[in-house]
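J.: Predicted model and sequence follow; I will ask about them next.
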Amino acid sequence: MLATRRYDIKYVKGIGPQRAQLLASELGIHSVYDLLHHFPTSYIDRSTTRSLRSLFDAAAVDVAMVLVRGRFVSFNVLGEGAKMRLVGLFSDGTATMEVVWFKGWREMRKRLRAGEEYILFGKPGRFNNTLQMAHPEVDSPDSLIAGETVRPVYPLTEKLRQRNITGRVIHAAVMSVFANLKAPLRETLPPSTIAENRLLDIDSALRAIHNPTDNDTLAKARLRLKFEELFYIQVDMLRRSRSRKAGTQGYIMPHIGKWFNDFYSQCLPFELTGAQKRVIKEIRADIAGGRQMNRLVQGDVGSGKTLVALMAMLLALDNGYQACLMAPTEILAGQHYETIRSIVAKIGLNVKLLTGSTKTKERRLIDEQLRDGSLHILVGTHAVLEDKVEFNRLGLVVIDEQHRFGVAQRARLWTKSAVPPHVLVMTATPIPRTLAMTVYGDLDISVIDELPPGRKPVATVLRYDEQRAKVMEAVRRQLDAGHQVYIVYPLVKENEKLDLRSVEEGFAKAEKYFAPYKVALVHGQLKPAVKDEQMDRFVSGEASVLVATTVIEVGVNVPNATTMIIENAERFGLSQLHQLRGRVGRGADRSYCVLMSKQKIGADTRKRLEIMTSTTDGFVIAEADMQMRGPGDIEGTAQSGLPFDLKIANLAQDGQIIQLARRAAESLLDSDPDLSNPANSGFVMALADMLKRTTDWSRIS
Ligand code: ADP
Ligand code: MG
């Protein structure tokens, strides 16, 4: 099996050097191994060709890939220069279709014969009331691959299609690899894991996924291949955390001292919740024990994670260490810095902020104080990870984040001192359990499952643009009662200009409508100084209304703000809406969140917005979010924390397989803790191979 990684695909029948190069650059397929792991996304039954007539009716709607069978009536070369194209008129007796080639058409013209029967595979469309198909795969009916009953549909790029590297080419290459194998592919999972979980062997699984004989076998093949990916991750994570617990020494921090006690008696304006106390106890037990802490604190928006993190840092200080808190953005870092500085002002802690935009002079001072140990807490962005940032005695690192920090980046912290600092990771929003298990599988998990007392759930409603007048009246009543209001607009990269205009228009309207109340405006395009000034106007209460883009999503804390209007709510994701809503309901007064949307929205969008109006529980929302979002979305966020890209498993949908893989990983490491059993050697090699890109990191941690 592993040997297939070393076979260059250019030697596979039907590929050759040119195609190999394209497959590498377009799909990242370099070796035979990569080829065998380029999985079909779906299958088409070879026996079901569609009639052109039926397509004609359906083509207005978005029809997926189809097979049609018929003959070319004529060929015409149309257009000039770069627009030259070959158009074949194709008929199956029920209707005709134009088949167009913009690229590689000379070759097609030579290859195809009018009057001969062909099977075309492609995506039909309708143009000027004519049925069309561009760059289909073309087969002659008798050239079917032996034994092929369904046609796998492979992910391809437009460029590959244009160069006639079709799914059929890939499929034929895969089949030729299997035909030429002298022996079955060597197993990559431990035999005990296969047996205990009744998994298909790798050879059968790969054969079945590329050429399934029946649905049952296909399902087993998919399960096996998904399981395998997730299993590598679980074994890796579990091995890290076990070896760390067994081996890695951590700073011993047994004392509770002046900083912690002073803070408790002088700075803490309220009782800690039971959940906060419990989590602080868990942290204390970790850092006093002599092993390195790696703990994730999960909790809903407003559950008081920052406070827990701060108290953990005070414990580090009490034991003679420095602490640092890292946030994913400058805004969030700045916010944390302000919060912490103001809350500890009474007790004289030295707290400083370091980001990419810290001025040289301040930066020098920070460096100096970090090195001589007089700086207690450093708050910052990734900038604190830079090599030139040197601490005197860094004992604890707090990472406040949202899936942005991978295992590898966490591991990088270890290199900052001989003994690794304790690490506390806080999620900005709750994430579902199975996702946490995967992305943070190497961490111990604490959950703050209780909100500070007196919080009333934010009353959330969905309103359409037609009802705007009523909404504005309600806002006005809140202002008259002395409260403040957020009005939030989406700002998405793709249509930044349009979005910017709508937030600016919204600001102008609000100024006019709510006068004499003052309105502040904040968005990402403002200069930092202007942004701060505008923000301050709202925080100080001078401005009653804040019109803003999502820059306020993280951080801002204005308890007097009781109402949030979210414009174009249909354009926000669930987690984002939840984060935004978390900005209100922070004081004692009843709070409101109004999701404004156009009347015409899709069923999915409506469902998403209705989840927001039906619950304020972040864990419920996170779970729903994961179920509803496509794998692509999850890829962008959660997957960045994984040691390799998932090819077939889907973190959103494969929760059960994740749990299965977790249990299997535990069972394997229980019976063979250092994976030295010769029976597992195939797996050990496969695992090392999968993690190759991150081996340096795994060794460090
Ligand atoms: P999170 O980071 O979990 O979203 P924060 O730490 O920002 O939440 O806390 C939200 C708000 O709740 C802050 O204003 C904080 O001062 C306040 N808070 C935290 N813990 C308590 C508590 N035990 N009782 C009352 N208020 C609290
Ligand atoms: Mg927070």
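T.: Here it is on my side, so go on. Numbers count the residues shown, from 1 in each chain. Ligands and ions are numbered 1, 2, ... in the order given.
J.: Surely T438 forms part of a helix?
T.: Yes - counting by DSSP: H, G, I helix; E, B strand; the rest coil, T438 falls inside a helix.
J.: can you count the residues close to it?
T.: When neighbours are counted by other C-beta atoms under 10 Å, T438 registers 26. Where C-beta positions appear, they are placed from N, C-alpha and C, glycine not excepted.
J.: If you rank every helix and strand of the chain by mean pLDDT, what lands last?
T.: Here the helix or strand of the chain ranked lowest by mean pLDDT, DSSP states H and E is helix 695-700, holding a mean of 33.
J.: wait, M84 sits on L78?
T.: Yes - with contact defined as C-beta atoms under 8 Å, M84 reaches L78; the gap is 7.3 Å.
J.: Neighbour count for the two, which is higher?
T.: M84 (13 against 10).
J.: Return the residues in contact with the more buried one.
T.: Contact analysis of M84 by C-beta atoms under 8 Å, 6 or more residues apart in numbering lists 77-78, 105.
J.: Repeat the analysis, applying 6 Å as the threshold.
T.: Not one residue lies near M84 by C-beta atoms under 6 Å, 6 or more residues apart in numbering.
J.: Over to the one 10 residues further on?
T.: When contacts are counted by C-beta under 6 Å, 6+ apart, T94 is found next to 51-53.
J.: Generate a ChimeraX selection restricted to the buried subset of the residues you listed.
T.: Remark: buried members of the contacts of T94, expressed as a ChimeraX selection using 16 or more other C-beta atoms under 10 Å:
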select :52
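J.: ok, and the closest non-adjacent residue to M326?
T.: Closest residue to M326 apart from its sequence neighbours, by C-beta to C-beta, 6 or more residues apart in numbering: I399 at 5.0 Å.
J.: and that neighbour, that's in a helix?
T.: No - per three-state DSSP, I399 lies outside any helix segment and is strand.
J.: mind checking pLDDT for it?
T.: As predicted, I399 sits at a pLDDT of 90.
J.: Confirm for me that it is in contact with H422.
T.: No - with contact defined as C-beta atoms under 6 Å, I399 does not reach H422; the gap is 11.4 Å.
J.: More neighbours: which of these two?
T.: Under the criterion of other C-beta under 10 Å, the comparison of I399 against H422 puts H422 first, with 26 against 21.
J.: Mind listing the residues bridging to the residue nearest to M326?
T.: Beta bridges link I399 to M326, V425 when assigned by DSSP bridges.
J.: roughly how far out does stretch 655-664 sit from the chain middle?
T.: Centre-to-centre, stretch 655-664 and its host chain are 20 Å apart (C-alpha atoms, centre = their mean, to the nearest Å).
J.: Buried by neighbour count: which residues of it qualify?
T.: 655, 657-658, 660-662, 664.
J.: any chance of these in a markdown table, plus pLDDT?
T.: Below are the buried residues of stretch 655-664 laid out as a markdown table (pLDDT from 0 to 100):
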| residue | pLDDT |
| --- | --- |
| G655 | 84 |
| I657 | 93 |
| I658 | 91 |
| L660 | 94 |
| A661 | 95 |
| R662 | 93 |
| A664 | 97 |
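J.: for the residue of the stretch 351-500 of the chain found nearest ligand 1, phi and psi?
T.: Using C-beta to the nearest ligand atom, the closest approach of the stretch 351-500 of the chain to ligand 1 is made by P452 at 3.3 Å. Here is the backbone geometry of P452 (degrees, to the nearest 10): phi -50, psi 150.
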